[in-house]
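Asker: predicted model, plus sequence, below.
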Amino acid sequence: MKIKQLLAGIMPILDGDARKKQTAKAVLNGPNEHHGVLNIHRHDPNNVGDFYCAPHLYFPELHQKVLDIGDMRKTSAKIRDDWAKAVRTHDLIIGGGGLLNLPHFAQQMALFEALGSRGKKTVLWGPGHNDPAWNTFKTPAQYQIDLSKFGMVGLRDYSAPGTWVPCVSCLHPIFDQKFLPKHQYGVLMGKKSAQNKERQELLRDIPNSHNATDLHEMIQFIGSCETLVTDSYHAMYWALMMQRKVLVVPTTTKFLDFKYPVPITRFDSFKQDLKKAVQYDGLLEECRSINKNFAKKVFDYLSIDPVS
């Protein structure tokens, strides 16, 4: 028996999965009410991509209407109770970020599916699959939730059914700035890679950064590179919108279902693949147009009056 399961049997409060089940039960056993809308995503200021991938940041109609999907499993009973009440009493916009097919968020997504099947208004806005088993991925993507139970679906995965809705972070005004490249290539690491000492040593003499800085530093670094090599989804996405050449080092399936394919490489051999790096024109304008059009449909579905 795993230590986690043993501890859960003695003190369920120590088991995150048990806490999520308890919170889900509280949501499903309570009344389903409508007191406005909340945008649920991984509201984590220590992960730049997760933090900036949410619609509430870009539309005044959703300003400060945010709930962290991670609070479902907090050790604080008050935080979990407040989370359950908020979910129970609001319509929900879920996304963006890699919330689908990831075990860490499986119970949350199953809960939102169940609420949708009970008639709660639910919108998937820009989330995508994030399965660690990336080397067996095939399109069209298969999902561990029933997308038909949600009122509106717009995923960042191009092979998904319904409307393709790329990450809403494209609406951030920082992408209107122009940057002059200083490096032929650079590496931007995700959080786990940045904590890997062997990888740090491997890339020591190569211009590099990571996604646990801040948005401005991250964008400035991307802009300083002619070609970006990364294992961060949003670094890939933002570099493409900035018309940089890109190679990806996949860690999950999230890299493999973008509308515009990006070649795969490895950190220890990417220099051999630099000629394969791709660059696309017009992506920023396309992504912004899609999100603005999707927003109009979402606000109509949720009966949200537009802010002039």
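Answerer: Received, thanks.

Asker: please make it C-alpha for all contacts and neighbour counts, starting now.
Answerer: OK.

Asker: residue 25 looks like it's in a strand, true?
Answerer: No. Assigned with DSSP: H, G, I helix; E, B strand; the rest coil, residue 25 falls outside any strand and is helix.

Asker: count the neighbours of it for me.
Answerer: For residue 25, the count of nearby residues is 13 (other C-alpha atoms under 10 Å).

Asker: distance check, it against residue 289.
Answerer: 39 Å (C-alpha to C-alpha, to the nearest Å).

Asker: which residue ranges of this protein form strands?
Answerer: Along the chain, counting by DSSP state E, strands occupy 37-41, 66-68, 91-94, 97-100, 122-125, 127-129, 152-155, 163-164, 183-189, 208-210, 225-230, 245-248.

Asker: got the CA coordinates for the last one in CSV?
Answerer: Going back to what we said before, that points to strand 245-248. The C-alpha trace of strand 245-248 is given here as CSV (Å, rounded to 0.1, in the frame of the first residue of the first chain):
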residue,chain,number,x,y,z
LYS,A,245,11.3,30.3,-35.3
VAL,A,246,10.5,27.6,-32.8
LEU,A,247,11.4,24.0,-31.8
VAL,A,248,9.7,22.2,-29.0
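
Asker: now for it, which elements pack on it?
Answerer: Judged by 3 or more C-alpha pairs under 8 Å, 6 or more residues apart in numbering; DSSP states H and E, strand 245-248 is in contact with strand 225-230, helix 233-241.

Asker: if we can go back for a sec, for residue 50, which of the strands of the chain is the nearest?
Answerer: Nearest of the strands of the chain to residue 50, taken as C-alpha to C-alpha: strand 97-100 at 5.9 Å.

Asker: state the mean pLDDT of the closest one.
Answerer: Computed over strand 97-100, the mean pLDDT rounds to 98.

Asker: just the CA atoms of it, as PDB, please.
Answerer: The C-alpha atoms that make up strand 97-100 are tabulated as PDB, following Å, rounded to 0.1, in the frame of the first residue of the first chain:
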ATOM      1  CA  GLY A  97      -4.400  26.000 -19.700                       C
ATOM      2  CA  GLY A  98      -3.600  22.300 -19.900                       C
ATOM      3  CA  LEU A  99      -6.600  21.100 -17.700                       C
ATOM      4  CA  LEU A 100      -7.700  18.100 -19.800                       C
END
